[in-house]
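In: kindly generate the corresponding structure for this input.
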Amino acid sequence: MTSRRDAVRTLGSIAALPFFGASGVEELVEIGRRAHSLAELRQSDPPRALTSAEYEIVSQAAERIIPRTNTPGATDARVADFIDVMLADWYSASGRERFKAGLSDLDGRARTLAGRGFAQTSERQQIELLETLDRELDLRRQSGVTGADDHWFAMLKHLTIWGYYTSRQGIVEELRVDVLPGRYDGNAPY
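Out: You can find the predicted model right below:
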């Protein structure tokens, strides 16, 4: 059984995000909780930062990064909604535009590979495209290029992990933590 400390340690890895690097783990959990609450309130509204086509790309990509197995996947945790809230409410216009330009590039790569947009390609093709981007990101990091983590795909991966592991599905159903971070339970077992 995973402890609350293990859940917080998982979230601590997200502190490497350039925009939120100065934040502590508790702050990251709180920001994530608030973003999920906002996404829940707006669940019937259209996306605010993303177009519906971009939202679908994010949804498909996040599900390939954290797929449903015997535990919930990114779609179950509504990670695309979380990412839309983060882009709309927390990211600067330049960060949002960098992310959206990356989605456009991903869609263009899918059209080159399969003759259709990313959201319409097969799961295998989506994984292939995302693995290519992941290798490119690793090469950027290994080369020591300045701002390697500012790459849009690094943003997508970080936001996907952050959105998942601050969701009820990520915390309770995957990590098996009985108490959601940010909620006081004076009688919680350690």
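In: which ones are touching residue 50?
Out: By CB atoms under 8 Å, 6 or more residues apart in numbering, the contact set of residue 50 is 58, 83, 84, 87, 100, 103. C-beta: built from backbone N, CA, C; applies to glycine.
In: next up, the contacts around the residue nearest to the third one when sequence neighbours are not counted.
Out: Translated: residue 84. Nearest residue to residue 84, sequence neighbours excluded (CB to CB, 6 or more residues apart in numbering): residue 47, at 4.5 Å. Going by CB under 8 Å, 6+ apart, residue 47 touches 54, 55, 80, 81, 84.
In: taking these, tell me the two that lie furthest apart.
Out: The largest separation in the contacts of residue 47, counting by CB to CB, is between 54 and 81 at 12.9 Å.
In: does residue 146 count as helix, strand or coil?
Out: coil (DSSP: H, G, I helix; E, B strand; the rest coil).
In: how many neighbours does it have?
Out: Per other CB atoms under 10 Å, the neighbour tally for residue 146 reads 6.
In: got it, and residue 67?
Out: 14.
In: quick one, phi/psi of it?
Out: Main-chain dihedrals, residue 67, degrees, to the nearest 10: phi -80, psi 160.
In: thought it was touching residue 73?
Out: Yes - here residue 67 lies in contact with residue 73, judged by CB atoms under 8 Å, at a distance of 4.9 Å.
In: against residue 106, how distant is the residue positioned nearest the centre of the chain?
Out: By CA atoms, centre = their mean, the chain has its centre lying nearest to residue 160, at 1.3 Å. Using CB to CB, to the nearest Å, residue 160 is found at 14 Å from residue 106.
In: okay, and the common contacts of these two?
Out: Common neighbours of residue 160 and residue 106 (CB under 8 Å, 6+ apart) are residue 61.
In: tell me which element the residue nearest to the centre of the chain falls in.
Out: helix 152-165 (DSSP states H and E).
In: ok, now residue 26?
Out: helix 25-41.
In: next, count neighbours for residue 141.
Out: By other CB under 10 Å, the residues close to residue 141 number 13.
In: from residue 112, how far out is the nearest residue to it once chain neighbours are set aside?
Out: Leaving aside its sequence neighbours, residue 141 sits nearest to residue 148 (CB to CB, 6+ apart; 4.5 Å). Here the criterion is CB to CB. By it, residue 148 lies 24 Å from residue 112.
In: between those two, which one's more packed in?
Out: Ranked by neighbour count (other CB under 10 Å), residue 148 and residue 112 place residue 148 first, with 16 against 9.
In: surely the more buried one is in contact with residue 155?
Out: No - checked against CB under 8 Å, the pair residue 148 and residue 155 is beyond contact range at 11.8 Å.
In: which strands and helices sit next to the host helix or strand of residue 108?
Out: Assigned by DSSP H and E, residue 108 falls within helix 93-114. The contact analysis (3 or more CB pairs under 8 Å, 6 or more residues apart in numbering; DSSP states H and E) places helix 93-114 against helix 52-65, helix 79-89, helix 123-143, helix 152-165.
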